[in-house]
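> Sequence first, then the predicted structure, then my questions.
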Amino acid sequence: MDRVKWTEGLADDDRKFVWHPFTQMRDWEAEQPLVIEKARGCCLYDTLGNKYIDGVSSLWVTVHGHRKKEIDDAVKAQLAKVAHTTFLGLSHPPAIELAKRLAGIAPAGLSRVFYSDNGSTSVEIGVKMAFQYWRQTGRPKKNKFLTLKEAYHGDTIGSVSLGGMDLFHEIFRPLLFNTIKAPAPYCYRCGLTDERPCGSECIGELEAIMRANKDELAAVVMEPLVQGAAGMLVQPPGFLKRVRALCDELDILLVLDEVATGFGRTGRMFACEHEGVSPDILCVAKGITGGYLPLAATITTERVYEGFLADYTEFKTFFHGHTYTANPLACAAALASLDIFENEKTLEKLQPKVEFLRIELEKLGRMRHVGDIRVRGFMAGIELVKNKKTGEDYPPAEKRGHRVIMEARNQGVIVRPLGNVIVLMPPLSISMPEIRKLISAVKKSIAKVTAD
Ligand code: PMP
């Protein structure tokens, strides 16, 4: 096969027929698309045979690496039974078994699993559940949601309503329901105080907002520990614990979006474990299948679940469901992934790598245009700035983040930018030499693109 010709043909057809997510297609059409043909372990291979380290786990999902034998085998075995059967009115073994396993590993008190098929829907479901719960338990005025500024919870209208990233969300404002916003803990660019150490002003403000709105608040919805898409904003220790305590005191549900942080990303199975916190509703997706197939779960307590139990004619049913809810292939992949966590002691083995990644990354902090490095477990963001002293941003038109990730490809690494923040989210299975290579490639790319 003439790989060059094949690649050119694919590139032409891509430009002609495809519309890519989160992409200015005019720019896309002017560039050469990178077409990935296959993968193994922590590496991706393009149609020309070039090899790249998958530095963002194929958008934060790949946990144990690509082509992991145990997951390949589990999906094939399920394929030999049934690829899809509906979950509306029927059930099937992998979904039942997975629900039991998820309840077993979820933070204390979370015991009911409601499936869907992506992160946005898992959060959308959490919102609808919380809203309906209060209506059916005699507190219908509790119908508002508190979220953090800079929040990203997905792209459906409900999850966009919770969002606070103007670039993505502002245009849809007329379509959205209102939410109450609290400041995002963005320590590097804190708008609340210049003092260091600070007096946790963000927590103070959040508390005041929660107290002022307690009778109307159905739930606080937030990402625990790290706001990922906001640019890897790491919350100060104790932030989440305080939110949980306030929710308890003020009778507000806590919905934690662990779509990005779940399944080992922060070094524990779920990020909220770091602070000993259990939410009332936990939203998970992305890494749940080890990064193989679309699956999500919204996991809740018996208290919330019981708010929906009633006579049929009271219509307290949770009227929500998707065609591919609990797809059996995806559930089989998820079960195999959980087995690997156990059998290979994934989280135990991750700890020295977490430390290694942090130490290696900190070295980049000395670079002239690196303003801030934020890292928690295997989630990292490198914020590029025009002026390190003042923190002045590079203008968006310069597309520095994009240029860095394009240069990184020449260095054999795939990473993604969030504006001027370079995101690193390698698979948990990455080796120390691969981590070193990843960081060295990113360092070289930043140096080249910020040399002027
Ligand atoms: N919540 C968070 C925290 C996310 O990071 C994402 C995706 N990056 C989503 C929700 C939405 O997930 P999906 O893209 O699967 O809809």
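Good, I have the coordinates. Numbers count the residues shown, from 1 in each chain.
> which bits of this protein sit near the ligand?
Counting by CB under 6 Å from any ligand atom, the chain comes close to the ligand at 118-120, 123, 152-154, 223, 228-229, 257, 259-260, 285. C-beta coordinates here come from the backbone N, C-alpha and C atoms, glycine included.
> Can you flag which of the residues you listed belong to strands?
Counting by DSSP state E, the residues of the chain next to the ligand place residue 257 in strands.
> Need the contact partners of the helix or strand that contains residue 348.
Applying DSSP states H and E as the criterion places residue 348 in helix 346-362. Contact with helix 346-362 is made by 63-64, 264, 267-269, 340-341, 373, 375, 377-378, 380, 382, 424, 426, 428-430, 432, 435-436, 439, as judged by CB atoms under 8 Å, 6 or more residues apart in numbering.
> try 7 Å
64, 264, 267-269, 340-341, 373, 375, 377-378, 380, 428, 430, 432, 435-436, 439 (CB atoms under 7 Å, 6 or more residues apart in numbering).
> Mark which of the residues you listed are buried, thanks.
For the contacts of helix 346-362, a neighbour count by 16 or more other CB atoms under 10 Å gives the buried set as 64, 264, 267-269, 340-341, 373, 375, 377-378, 380, 428, 430, 435, 439.
> which one among these gets closest to residue 389?
residue 373 (16.7 Å; CB to CB).
> dump the residue contacts of residue 48.
For residue 48, the contacting residues are 3, 4, 7, by CB under 7 Å, 6+ apart.
> how close does it get to residue 198?
50 Å (CB to CB, to the nearest Å).
> what's the most distant pair in the buried ones among the contacts of helix 346-362?
Every pair of the buried ones among the contacts of helix 346-362 checked by CB to CB; the farthest is 340 and 373, at 29.8 Å.
> Quick check: the residue of the stretch 1-150 of the chain nearest the ligand.
Here the residue of the stretch 1-150 of the chain nearest the ligand is residue 119; by CB to the nearest ligand atom that distance is 2.2 Å.
> Residue 284 is in contact with that residue, correct?
No. The criterion here is CB atoms under 7 Å, and residue 119 misses it with residue 284 at 8.2 Å.
> Show me the common contact partners of those two, please.
Joint contacts of residue 119 and residue 284 (CB under 7 Å, 6+ apart) are 259, 296.
> The helix or strand of the chain with the lowest mean pLDDT: which residues count as buried?
Scoring the helices and strands of the chain by mean pLDDT, DSSP states H and E places helix 166-169 at the bottom, with a mean of 86. Buried residues in helix 166-169, defined by neighbour count with 16+ other CB under 10 Å: residue 169.
> strand partners of the helix or strand that that helix is followed by, parallel vs antiparallel please.
Sequence order places strand 180-182 as the next helix or strand after helix 166-169, per DSSP H and E. According to DSSP bridges, strand 180-182 forms sheet pairs with strand 144-148 (parallel).
> Could you list the residues in contact with the partner strand?
Residues contacting strand 144-148 (CB under 7 Å, 6+ apart): 127, 162, 164, 179-182, 184, 209-210, 213, 216-222, 227.
> Buried residues in the next helix or strand after that strand, which are they?
The helix or strand immediately downstream of strand 144-148 is helix 157-161, counting by DSSP H and E. Buried positions in helix 157-161, judged by neighbour count with 16+ other CB under 10 Å: 158, 159, 160, 161.
> Return the list of helices and strands in contact with helix 157-161.
On a contact count with 3 or more CB pairs under 7 Å, 6 or more residues apart in numbering; DSSP states H and E, helix 157-161 meets helix 119-136.
> Report the inter-axis angle for the helix it packs on versus strand 144-148.
In terms of direction (axes from the mean of the first three to the mean of the last three CA atoms, to 10 degrees), helix 119-136 departs from strand 144-148 by 140 degrees.
> got the contact list for the closest residue to residue 332 other than its chain neighbours?
Of all residues not flanking residue 332 in the chain, residue 78 sits nearest, at 3.7 Å (CB to CB, 6 or more residues apart in numbering). Shown in contact with residue 78 (CB under 7 Å, 6+ apart): 94, 328, 329, 332.
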